[in-house]
Every structure is written in C-alpha cells, then in structure tokens.
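Trainee: Let me see the structure of the following:
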Amino acid sequence: MNARCQCKAITFQTPLPQPLQLYICHCTECRHQSSSAFGISAFFPYFEIPDPSGLIGCYTRPTLKGHQLECLFCKNCGARLLHRRKQYVPAPGERPPEGAVVRVRGGCLEGLTKEMLDKAVHLWCKEAVVGIPAGAISWEEEPVE
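Mentor: Numbering: from 1, shown residues only. As a prediction, the model looks like this:
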C-alpha cells in the first residue's frame, strides 16, 4: 500500500498490499494522538521508512504493558506515520526479531477501504465515545499477548 504524511513530504510503501490486521483503538492515548474519537492501526511485518530528507521525528512513550513505543511522525506537518515497539528496532546491519510488526497509522494509507475496516478489531471499547458496530470483534481492553 502507498502511504504518506499530510504534507506529502514523506511517502513510503508497505511490504504487503494489505495489512495483516486492522485495529481501531478507543483508548484515551489513541484519542489524544489522533485528535479524534479513535485511532486506526494497520499491522504490517516490520519495515523501515526511508528518510532521505531527515523529516522523520520520533516520540517515545511507555505503554500500559511496560513496553517503549516509538511513534514516528513528519517534522514538517506533524502527521503520525507509524508506531513500533522499541525492542523490535534492530541494531544497524541486523534484522528485526521474528514476528516483529509496525503499526502504520490508518490515515496515512492510500487504498484503505470500508470493507477492510469492516473487519477491523476494536480495542479498549470500555473507553469508547462512539458506538461499536454490531457484530464487530471487540475487546473491553486489549487481547492478552
């Protein structure tokens, strides 16, 4: 899938034509980050975004499960690009751990469809401020790892 920030200064392509899974998160953190009622994350196998212009910034925050989450964003327009667990980031010249994923922010993806979102898993529904679609897979918090 093609992806970009709002100002188009950063463009990238995902390693697969569709995400492994889509999640719609209703937690307070995702609502603050997206400035919306929820956040959309598209999980893909780990990949790096090229940054020839040096415009990718990184904000790191702890998760509720004690991980460090790196949140990559465009320094020009501020759009979030992807999130990744810090422990997944390989050292230079090394490969990421088996099963490592990144969470591309849904608003960056071109080609995201209603049909894809209809299959999304809803997380942190106990904090939702909008209705959860009938029949959607949903969790009051998040699935156990």
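Trainee: So which residues of this structure form strands?
Mentor: Assigned by DSSP state E, the strands in the chain fall at 2-4, 11-13, 21-25, 39-45, 56-62, 68-74, 80-85, 101-105, 121-123.
Trainee: Run me through the strand neighbours of the second one, direction for each.
Mentor: When you say that, I think you mean strand 11-13. When pairing is defined by DSSP bridges, strand 11-13 lines up against strand 2-4 (antiparallel).
Trainee: List the buried residues in the partner strand.
Mentor: 3-4 (16 or more other CB atoms under 10 Å). Using the backbone N, CA and C atoms, a C-beta is placed for each residue, glycine as well.
Trainee: and if you look at stretch 125-135?
Mentor: 125, 127-128.
Trainee: out of the strands of the chain, nearest to Arg31?
Mentor: strand 39-45 (7.1 Å; CB to CB).
Trainee: tell me the contacts of Pro50?
Mentor: Contacts for Pro50 (CB atoms under 8 Å, 6 or more residues apart in numbering) come out as Phe12.
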